[in-house]
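Chemist: Sequence and computational prediction follow.
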Amino acid sequence: MKFLFEEAKNNAKIDSSQITLSFFFLARGTVEEKSTMGLYRSLLHQLFEKVGELKDSLEWMTADGARVIQRNGWHEEALKQTLMHAVQKLGSRSLMIFVDALDECDKKQAADMVCFFEELCDRAREEQVRLQICFSSRHYPTIVIQKGTEVTLEDETGHTEDIKQYIKSKLRLGKLKQAESLRSEILEKSSSIFLWVVLVIDILNSEYRQGTASTKIRDRLKEIPPGLTELFEMILTRYGENRERLQVCLKWILFATRPLKPQELYFAVQLGLDKERSGFWDQEDMDLEQIKTFVRSSSKGLAEVTRNKASEVQFIHETVRDFLLGKYEGQWSTVSGNLVGHGHEILRNCCLAQLNASINKNVDLPDPLPKASEARQLRETINLKFPFLEYSVLNVLHHANGAQQNAIEQGDFLADFPLQRWIFLNNTLEQYDKRRYTDAVSFLYILAEKNLADLIRIHPMRESCFDVEDERY
C-alpha cells in the first residue's frame, strides 16, 4: 500500500489534474485515527486543501443544518454528503483514494464505509469523474466488495519476489558459503508471510553478530516454528534474562493512553524496574539512538520506533497486539489472569515513582510559580530533562482508574496519593493559567473533572460532590 501511494503521489506531481488522498486506520490511535468519522474529516480536509474551489460543495447544506453543525459539530452523514457533492464537482480531474488497514477499524463502520464508497463511485461515473479507491486489510474481518478487483498478496508471484529481495538485502551473513542456501530455506519456511520473515531475519542477524558459526545458524533456523503465532510465543519465551523488562515494556505499549516517544518509554520501563530512579535524562550518557536500540531489544523486536515526524513506539504489526491480548494473555499475565487490570496498576506505579522522584537537583522549580505564559522555557527544560514526567502527571490517575475498573482495588492508592505534589507539578506543566488548580482544590473535584468514575465511586468523601469550589468549573 505504501508503495502504491508513493507512486500515485509522484505521478500527481507530474499531472496536476490527478488528486491523491489517503487515510490509514490506526487501532491504537485516537478516535479520529480509528473511526470512519475521522476518515471522512481527513479526506475532506485534504481535498479542500488541494482544490480550494470545492469548498462550494457545502452549498447543499441548509441554513438550519449549518447552524446545527456550528453548534454541535459535524456528524457522519453531513461529512459523507459533503464528500459526495465535492467528488461530483471534480470535472476533468481524476481522484485516487488510498485507505489502509481496514482491519484496524470497527467492523460495522468499515462495512458501511465500503458501501458508501461504492455509491460514491456510481455517482462519480454518472458525472464522468474518474475515481479510483484502493483498500488494504488483513483477511479478517471479511470485507465484501461488490465491484472491483481483489488481490491476495500472498497468492501473487510478485509478493514472493518481494520477500526474496527483502531476505537478500536484510540478511547479514557476510561471506558465509551457506548464505544462499540459508536464504532459500528462509523463503521456503516463511509460507509467504512477510512479518515472519522480518522477525526471523532479525533473530539470525543477531546470531551472526554474536559470532555464531554457519552450522549453528542453520540449526537455529530449524528450531524456529513456521507459524506466526508460534514464532511470537518463541520470541517471548526464548530468553530467561530481561523477562521482567520485556513484560513492563510490552504492557506500556499495550496500555499507555497514547503512543509513547522512545525516551518516554525508556524511562517508564526504567522506573518500572527500579522505583528509586529519578527519570533524569543525561544525554551525554545515553543518546536517542541508544534509546531506540533499547526499545528494540527490550521488546525482543516486537516493537519499533516509527520513522515519521512523530517518532513514536508501536508494535511492528497489529497482530502482535492481538496475540498478546488473546492467545498468550494467560501465559504472560502471572497474577490471577487479569492482564488489563494489573497492566494499568503497573503503569500507575511507574507514573507514581516518577511523580515522587526529586527533580530539583536538575531543574530549578520556583515557588510560587510564574504565570503559565511566562513559564514556557521552564516547561521545555522539564520535558527535555525528564521526558516521562508530563505523561506521569497527566495519566497516573487514569491508570489507577483503569485498574479499579478491572477489579484491582485502589483504595490505598487514593489514601496515600501525594495530592499537593501532583497539583504543583500539574500547574508547572500547564500551558494556561485558567486551567491551573488552586492549592485548596479537592481530590474529588480533580477526579470529577477528569471523568474518573471508578475512582469517584470508592472515594471516601464522594458525597461532597455537591460542594461548590473555587475552581474553573
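Modeler: Good, I have the coordinates.
Chemist: Would you state the strands of the protein in chain order?
Modeler: Secondary structure of the chain (DSSP state E): strands at 18-24, 94-100, 130-135, 303-305, 313-315.
Chemist: So which of these is nearest residue 35?
Modeler: strand 18-24 (10.6 Å; Cβ to Cβ). In short, each C-beta sits where N, CA and C put it, glycine included.
Chemist: Can you spell out which helices and strands pack onto that closest one?
Modeler: With contacts taken as 3 or more Cβ pairs under 8 Å, 6 or more residues apart in numbering; DSSP states H and E, strand 18-24 sits against helix 2-14, helix 36-50, strand 94-100.
Chemist: just checking, which of those sits deepest inside the structure?
Modeler: Greatest average neighbour count among the helices and strands packed on strand 18-24 goes to strand 94-100 (a mean of 21), per mean count of other Cβ atoms under 10 Å.
Chemist: Run through the residues that contact the residue nearest to residue 370 when sequence neighbours are not counted.
Modeler: Spatial nearest neighbour of residue 370, excluding adjacent residues (Cβ to Cβ, 6 or more residues apart in numbering): residue 378 at 7.5 Å. Applying Cβ atoms under 8 Å, 6 or more residues apart in numbering to residue 378 gives the contacts 363, 365, 366, 370, 428.
Chemist: Which members of those are positioned in helices?
Modeler: Using DSSP state H, residue 428 are the members of those that sit in helices.
Chemist: can you put the contacts of residue 378 in CSV and add pLDDT, neighbour count and distance to residue 42?
Modeler: Below are these laid out as CSV (pLDDT from 0 to 100; neighbours: other Cβ atoms under 10 Å; distance: Cβ to Cβ, whole Å):
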residue, pLDDT, neighbour count, distance to residue 42
363, 94, 15, 38
365, 91, 12, 40
366, 91, 9, 42
370, 94, 12, 38
428, 96, 23, 35
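Chemist: Closest to residue 453 out of the contacts of residue 378?
Modeler: For the contacts of residue 378, the residue nearest residue 453 by Cβ to Cβ is residue 428; the value is 27.3 Å.
Chemist: Turn the strands of the chain into CSV, columns for distance to residue 443.
Modeler: As requested, the strands of the chain are exported to CSV (distance: least, Cβ to Cβ, whole Å):
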stretch, distance to residue 443
strand 18-24, 40
strand 94-100, 43
strand 130-135, 48
strand 303-305, 35
strand 313-315, 32
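Chemist: okay, those strands in JSON lines with distance to residue 193 and mean pLDDT next?
Modeler: Listed next are the strands of the chain as JSON lines, based on distance: least, Cβ to Cβ, whole Å; pLDDT from 0 to 100:
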{"stretch": "strand 18-24", "distance to residue 193": "21", "mean pLDDT": "93"}
{"stretch": "strand 94-100", "distance to residue 193": "19", "mean pLDDT": "94"}
{"stretch": "strand 130-135", "distance to residue 193": "20", "mean pLDDT": "93"}
{"stretch": "strand 303-305", "distance to residue 193": "18", "mean pLDDT": "92"}
{"stretch": "strand 313-315", "distance to residue 193": "16", "mean pLDDT": "93"}
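Chemist: Could you point out the longest helix of this structure?
Modeler: helix 107-126.
Chemist: Quick one: residues in contact with that one.
Modeler: Around helix 107-126, the neighbours that count as contacts under Cβ under 8 Å, 6+ apart are 35-36, 39, 80, 83-84, 87-88, 90, 95, 97, 99, 102-103, 105, 130-131, 133, 135, 137, 141, 143-147.
Chemist: Return a ChimeraX selection command for the buried portion of the residues you listed.
Modeler: Selection of buried members from those for ChimeraX, criterion 16 or more other Cβ atoms under 10 Å:
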select :35,36,39,80,83,84,87,88,90,95,97,99,102,103,105,131,133,135,137,143
